[in-house]
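Asks: Sequence plus the predicted model coming up.
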Amino acid sequence: MGVGGDPRDLVRALLAEGCEALVIHFLHAYANPEHELRAGAIARELWPNPYVTLGHALLSEFREYERGTTASVNAAVQPILDRYIRRLQDDLRAKGFARDLLVMNGNGGTVPAGLVVEAAAKTVMSGPASGVMAAAATLAQSGLKNAITYDMGGTSTDVALIAGGVPEVSAELTIDYGLPIHLPMVDVHTVGAGGGSIA
């Protein structure tokens, strides 16, 4: 959408187009988020779901492109992740699961399922990160401190470094279409050569 005009009109136009998630991203909000916060408050008056991402709230750094792409990935993942987590929780409850569901983040930590959707972009690369975290736990039990993990799937092979018992972490990841995500994640390097690809 273009810049300018009444924010309510912009929000209504996006809803009329069928948008499900919204990103509010202002150029210098990392330094002064006042206008981004105000625009977010106005948008939330009209937006029919919680999928409103403020760029500075997810990533407060001066590089607006990276902040914007990170916020955009967050908005793209939120509705899909929310539907999946709700369905999973409902199915688990129906089968008698009465505990809290934790979801893995790409940084190797976990977050309660009820909170994961707000920062959905943090779940990117959570699958490969979980393998590295399991390897780190196994190393700790064996008394070893250094390893290179190797995880081959059907379409790719993931490798990561564990040094001194701690998986390497990076705050810069580039996903498909060259989109950078600047959030702390286990530093997993993916090569497009999995078992199925090779076969």
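Replies: Right, received. Where do you want to start? Quantities reported herein were computed from a predicted structural model and do not represent experimental measurements.
Asks: Quick one: the helices in the protein, in order.
Replies: 7-16, 34-46, 55-58, 64-94, 113-116, 126-142, 195-198 (DSSP state H).
Asks: Apart from its chain neighbours, what residue comes closest to the residue nearest in space to the middle of the chain?
Replies: For the chain, the residue nearest the mean C-alpha position is Ala121 (1.5 Å; Cα atoms, centre = their mean). Nearest non-adjacent residue to Ala121, counting by Cβ to Cβ, 6 or more residues apart in numbering: Asn74, 3.8 Å away. C-beta coordinates here come from the backbone N, C-alpha and C atoms, glycine included.
Asks: Show me how this structure divides into domains.
Replies: Domain ranges of the chain: 7-57, 126-191, per the TED database.
Asks: Find the nearest non-adjacent residue to Ala57, please.
Replies: Pro33 (7.6 Å).
Asks: Go ahead and confirm that neighbour touches His56.
Replies: Yes - contact criterion Cβ atoms under 8 Å: Pro33 and His56 qualify, at 4.5 Å.
Asks: Which one of the two is surrounded by more residues?
Replies: Between Pro33 and His56, counting by other Cβ atoms under 10 Å, His56 is the more crowded of the two (21 against 17).
Asks: show me where pLDDT drops low in the chain?
Replies: 1-4 (pLDDT under 70).
Asks: Near Asn74, how many residues? Count them for me, please.
Replies: 29.
Asks: The one 10 residues further on now?
Replies: As a burial measure, Tyr84 scores 13 neighbours (other Cβ under 10 Å).
Asks: Looking at the helices of the chain, which one is packed in the most?
Replies: Across the helices of the chain, averaging neighbours per residue (mean count of other Cβ atoms under 10 Å) puts helix 55-58 on top, at a mean of 22.
Asks: Now do it: distance to the chain's middle.
Replies: 12 Å (Cα atoms, centre = their mean, to the nearest Å).
Asks: And stretch 33-41, by the same measure?
Replies: On Cα atoms, centre = their mean, the centre of stretch 33-41 falls 22 Å from that of its chain.
Asks: got it, and stretch 192-199?
Replies: Taking mean C-alpha positions (Cα atoms, centre = their mean), stretch 192-199 and its chain are 26 Å apart.
Asks: tell me how far the ends of that stretch are from each other?
Replies: 13 Å (Cα to Cα, to the nearest Å).
Asks: change the start of the numbering to 37 and stick with it
Replies: In the new count, where the first residue is 37, that last one comes out as stretch 228-235.
Asks: ok so, going back, so the residue nearest to Ala157 touches Ala155, yeah?
Replies: Yes - judged on Cβ under 8 Å, Asn110 makes contact with Ala155 at a distance of 6.8 Å.
Asks: in the sheet, who's paired with the residue nearest to Ser162 when sequence neighbours are not counted?
Replies: Take Ser162 and drop its neighbours on the chain: the residue closest to it by Cβ to Cβ, 6+ apart is Met140, 4.3 Å away. Counting by DSSP bridges, Met140 is bridged to Thr146.
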